[in-house]
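Visitor: show me how the following folds:
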Amino acid sequence: MQQTNATWVLISDATRARLFSMAEQGQVFNLLREFYHPESRVANRELVSDRPGRVQQSGGPSGHRAGNNPSMGNRSAMEPPTDPKTEEHHLFARELADTLQKALHRNEYNHLILAAGPQFLGMLRESLDEQVKKHITASVDKDYTHLDTRELQQRLSGMMPE
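Guide: Presented below is the predicted three-dimensional model:
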């Protein structure tokens, strides 16, 4: 397989991402792909299909509790360990990480620059394969998804590998 010297730039937030390539420093960013994860924008109540389940809790070894009605145990809502919206953010981070890992395996890039808001950048880093992490030449904890290509290139030009 031929090794490329391309630099890839991933600009992302928890709901959308753009992936750019640049063969040499000073070249214009070439948009490779856009990603959308609309589930990350949905309110938590819409991601959960129903109200939390209820669990019968026993109050002692016999399954009864003291009180007016010993046959009734305490009931409590079962809360998910992570809220559904955060889980969607993690799913999107894993999707992006998987794309980067497969492309690295195919030698499609040699350098990687990441730009995302601090919280999502952390999720993305957690999801990345160790080999992909070795190719990160810069990361920026800012959300640049609202910038056009020209503005992105201006903001990131000093981070491009020689």
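
Visitor: could you use CA atoms for every contact and neighbour count after this?
Guide: OK.

Visitor: what packs against the lengthiest helix in the chain?
Guide: In the chain, taking DSSP state H as the definition, the longest helix is helix 84-105. Judged by 3 or more CA pairs under 8 Å, 6 or more residues apart in numbering; DSSP states H and E, the packing partners of helix 84-105 are helix 44-47, helix 118-127, helix 130-133.

Visitor: how about TSV for these, with distance to F20 and mean neighbour count added?
Guide: Output for the helices and strands packed on helix 84-105, formatted as TSV (distance: least, CA to CA, whole Å; neighbours: other CA atoms under 10 Å):
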stretch	distance to F20	mean neighbour count
helix 44-47	31	13
helix 118-127	17	18
helix 130-133	16	14
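
Visitor: of all those, which one comes closest to L19?
Guide: helix 118-127 (13.9 Å; CA to CA).

Visitor: mean confidence for the closest one?
Guide: Taken as a whole, helix 118-127 has a mean pLDDT of 96.

Visitor: helix 84-105 and that helix, what's the angle between them?
Guide: Angle, helix 118-127 to helix 84-105, by axes from the mean of the first three to the mean of the last three CA atoms, to 10 degrees: 50 degrees.
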